[in-house]
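Chemist: A predicted structure for the sequence below; I have some questions about it.
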There are 2 protein chains.
Amino acid sequence: MEKKKNTIVDVARKLNVSTSTVSRALNGHHSISERTKLKVRKVAAELNYSPNNVAASLRRGKVNSIGVILPRINSTFMSNCIFGIESVTYPAGYNLIISCSNEDYKKEVQSIAALKASQVSGIILSLSNETKKTAHLSNIISQNIPLVMFDRIAELLNVDSVVNDDTKITVQAIEHLHAMGFRKIAIFSSPTHIYVYKNRMKGYLEALSSLGLTLNHNWIIENIQTKEQAQHSAEILFKAKDKPDAVFCTSDTIALGVIQTLKKLGIQIPQEVGVIGYSNDTFSELIQPTLTSIEQYPQEMGVNAAKLMLDIIGDKNWSMQVHKQIHIKPRLIIRDSSNRLLTE
Amino acid sequence: MEKKKNTIVDVARKLNVSTSTVSRALNGHHSISERTKLKVRKVAAELNYSPNNVAASLRRGKVNSIGVILPRINSTFMSNCIFGIESVTYPAGYNLIISCSNEDYKKEVQSIAALKASQVSGIILSLSNETKKTAHLSNIISQNIPLVMFDRIAELLNVDSVVNDDTKITVQAIEHLHAMGFRKIAIFSSPTHIYVYKNRMKGYLEALSSLGLTLNHNWIIENIQTKEQAQHSAEILFKAKDKPDAVFCTSDTIALGVIQTLKKLGIQIPQEVGVIGYSNDTFSELIQPTLTSIEQYPQEMGVNAAKLMLDIIGDKNWSMQVHKQIHIKPRLIIRDSSNRLLTE
DNA sequence: CTGTTAGCGCGTTCAG
DNA sequence: CTGAACGCGCTAACAG
């Protein structure tokens, strides 16, 4: 019953060859005859032999796994990123060790340490909300462990990364609102110390300035993280005297909250107020009114982050000094919530 | 620059102690004085020493990772399951190696082999659509590698598992339709060779029989996998003479397709036709009409699958002969798409 | 409380 | 084309 697992020694013994021969045969070494390879494979299968990657990794000094640390795992955006990453790393023979920081700085630091201890070939990372220090990342870099960041990157750190052109697409979104006749545009944003939200805010401000729209500080709502917070802030804003006529939101969830509040207050969308979201979540084309949003191509982001990682791992002359940044171009998807032309 | 990583030997040398002392100190062994522990930790930090888990795992004969194989990774249901799993395995000190079978039998088999080679402590699995043979699983079991299945389990295999009471909740859903006055109830189902769909179909048939409703074979649509297929089949069904007055769908995506077709055909929901989905996807409460659906508590399923796994791993006298099955009770969430009382 | 010794399973020299 | 010998970094006996 409780027989021990067969090792390479068992296979070798049964064939009366050395373990080196078995090792080479199973790894497809060219200096082994086809006949021997066949025999070895046959016996290995008979014994239900499965190579011990732990031992192999120790010997090789190299592990076939890549670590991934994400702020969340159960969001449309992030799960599609993972999907993209996996589609590249799996065919390349890498395991994916996934860790979720839960937007918690401490857990992010611990996860980094755990992955480092596991000797992963590299780490793909998107920062948690709470991460403001980056010593844990500098540490990784100084140890020559390949690091690729995506979406929420650490701007000041010199690493390979995959990002959206958040600023540019936000400018485009605001221009679209302007073209639809909206002039009093508010923004509901998640915390702007985070790279992507900082850039969206930047785009908002740039667009307002270049379009000659007045900037009203009461219309800049930051630190919105949940639908409930969005509803709350929207209720206050739209009951005030000085109301905006459009809201640019840095996520679809926020936009959903805004829309729900506007409906509750009996405000017509988009006739009275236009709304734009961000991320193109599944529900955005299903709600009433359908939500104008920004497609970020998360799967593509994952694919590119993984490719970048494989490039680094495979590149013997990889220099810490040179870094690539891949820009994935997002797309503004215009739907009813901002489209006055449809209704007037 | 390219200095080699510090090992336990470097730490020991610097302190003029043995490697065992360092090892024990860092692992919190009780027979080491606090003073020594402190000194060791200090020097380890100075040298930026990070233990090599690969070597430790080889020595211990035990790896601190758990493998997870899922048919998909970017679905609300599955990503919430992962979230639940991670919330249990992380605090217990396990890495999560995630692999996506992409509903492909071959990839599932390969992933099993890869995880086995990685010496994972156990495997948590939900079957791919295409999996009909289970030799790869029997193999795992025969090697005493803990296996926990959830949701789409292999019924004939004797393993620990976490499931919903699909049959019972489906009966309840059909009874609800009956209570709302629907009598001609159709079913749109994904392939019924898969455990969960088989049970939903079973519940449908049981309920029809016990309620004394006539069973019309034209109203049993199987093998629906996508929204488009659902739309197509709904179009045919609702243009036919012999129309049902309600549709029970085995997923929200299918229900969405049905609803879209009904709207297109100008059929009133729920006045003329009632619709029920399955999974309680985010969009189900956001569409028009809001969709009656079944909450499966995916996060709970993940949590329980992970707990089951830790139990097995921790249990020295674990017997292959005894298996637990945890039932997560789903909940019928009644919304407008089936609720005639609201509208009549 | 600490040190010595041995070996986990494999891949890779170096010899033939 | 194949074998012998070594050691990757660590932990667990055993010994003091």
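Modeler: Sure, I can see it.

Chemist: Near chain B, which residues of the stretch 151-300 of chain A are found?
Modeler: A:256, A:281-283, A:286-288, A:299 (CB under 8 Å from any CB of the partner chain). Where C-beta positions appear, they are placed from N, C-alpha and C, glycine not excepted.

Chemist: Try it again at 7 Å.
Modeler: For the stretch 151-300 of chain A, the residues in contact with chain B (CB under 7 Å from any CB of the partner chain) are A:282-283, A:286-288.

Chemist: For the residue in the stretch 101-250 of chain A positioned nearest to DNA strand C, give me phi and psi.
Modeler: Using CB to the nearest atom of the strand, the closest approach of the stretch 101-250 of chain A to DNA strand C is made by A:Gln119 at 13.1 Å. Main-chain dihedrals, A:Gln119, degrees, to the nearest 10: phi 60, psi 30.

Chemist: hang on, it packs against B:Ala56?
Modeler: No - using CB atoms under 7 Å, A:Gln119 is not in contact with B:Ala56, being 10.5 Å away.

Chemist: So for those two, which residue has more residues nearby?
Modeler: A:Gln119 (21 against 18; other CB atoms under 10 Å in any protein chain shown).

Chemist: how about the nearest residue to the more buried one, chain neighbours excluded?
Modeler: A:Val63 (4.5 Å; CB to CB, 6 or more residues apart in numbering or on different chains).

Chemist: how about the helix or strand hosting A:Thr21: buried residues?
Modeler: Element membership for A:Thr21 (DSSP states H and E) is helix A:19-26. Buried residues in helix A:19-26, defined by neighbour count with 16 or more other CB atoms under 10 Å in any protein chain shown: A:21-26.

Chemist: Same question for stretch A:232-247.
Modeler: Using 16+ other CB under 10 Å as the test for burial, stretch A:232-247 gives A:233-235, A:237-238, A:244-247.

Chemist: Next, count neighbours for the one residue in the stretch 151-300 of chain A that gets nearest to chain B.
Modeler: Residue of the stretch 151-300 of chain A nearest chain B, by CB to the nearest CB: A:Phe283 (4.2 Å). For A:Phe283, the count of nearby residues is 22 (other CB under 10 Å).

Chemist: could you pull out the helices for chain A?
Modeler: Assigned by DSSP state H, chain A shows helices spanning A:8-15, A:19-26, A:34-46, A:53-60, A:76-89, A:105-117, A:135-142, A:166-179, A:195-211, A:227-239, A:252-264, A:298-314.

Chemist: so where is the stretch 101-250 of chain A shaky, pLDDT-wise?
Modeler: Under the criterion pLDDT under 70, no range of the stretch 101-250 of chain A is flagged.

Chemist: List, one by one, the residues from the stretch 1-150 of chain A near DNA strand D.
Modeler: Residues of the stretch 1-150 of chain A found near DNA strand D (CB under 7 Å from any atom of the strand) are A:16-21, A:24, A:30-33, A:35-36, A:55, A:58-59, A:61.

Chemist: among the residues you listed, which ones are buried?
Modeler: Buried, going by 16+ other CB under 10 Å: A:17, A:21, A:24, A:32, A:55, A:58, out of those.

Chemist: And the pLDDT for the closest residue to the third one other than its chain neighbours?
Modeler: It refers to A:Arg24. Spatially, and ignoring its direct neighbours in sequence, A:Arg24 is nearest to A:Ile32 (5.0 Å; CB to CB, 6+ apart). On pLDDT, A:Ile32 comes in at 83.

Chemist: what does A:Val322 give?
Modeler: So A:Val322 comes in at 78 (pLDDT).

Chemist: Check the one 10 residues further on too.
Modeler: Model confidence at A:Leu332, given as pLDDT, is 97.

Chemist: List the contacts of it.
Modeler: The contact partners of A:Leu332, by CB atoms under 7 Å, 6 or more residues apart in numbering or on different chains, come to A:169, A:172-173, A:176, A:294.

Chemist: go on, A:Ile194?
Modeler: So A:Ile194 contacts A:129, A:152 (CB under 7 Å, 6+ apart).

Chemist: Show me what stretch A:156-172 is in contact with.
Modeler: A:134, A:137, A:141, A:147-151, A:153, A:196, A:199-200, A:202-204, A:206-207, A:294, A:296, A:301, A:304-305, A:308, A:312, A:323-330, A:332.

Chemist: And for the residue of the stretch 151-300 of chain A closest to chain B, nearest residue in space, chain neighbours not counted?
Modeler: Nearest non-adjacent residue to A:Phe283, counting by CB to CB, 6+ apart: B:Phe283, 4.2 Å away.

Chemist: neighbours of the residue in the stretch 151-300 of chain A that DNA strand D sits nearest to, just the number please.
Modeler: Closest to DNA strand D within the stretch 151-300 of chain A is A:Val159: 25.2 Å, counting by CB to the nearest atom of the strand. By the criterion of other CB under 10 Å, A:Val159 has 22 neighbours.

Chemist: repeat for A:Ile97
Modeler: The number of residues near A:Ile97, taken as other CB under 10 Å, comes to 23.

Chemist: how much space between it and A:Leu237?
Modeler: Using CB to CB, to the nearest Å, A:Ile97 is found at 44 Å from A:Leu237.

Chemist: returning to what we had before: how close does the residue of the stretch 101-250 of chain A closest to DNA strand C get to B:Val68?
Modeler: According to CB to CB, A:Gln119 and B:Val68 sit 20 Å apart.

Chemist: do the same with A:Ser126
Modeler: 20 Å.

Chemist: out of these two, which sits in the busier spot?
Modeler: Relative neighbour count places B:Val68 above the other of A:Ser126 and B:Val68, with 33 against 27, counting by other CB under 10 Å.

Chemist: right, and that one touches B:Glu86 too?
Modeler: No - using CB under 7 Å, B:Val68 makes no contact with B:Glu86, being 9.0 Å away.
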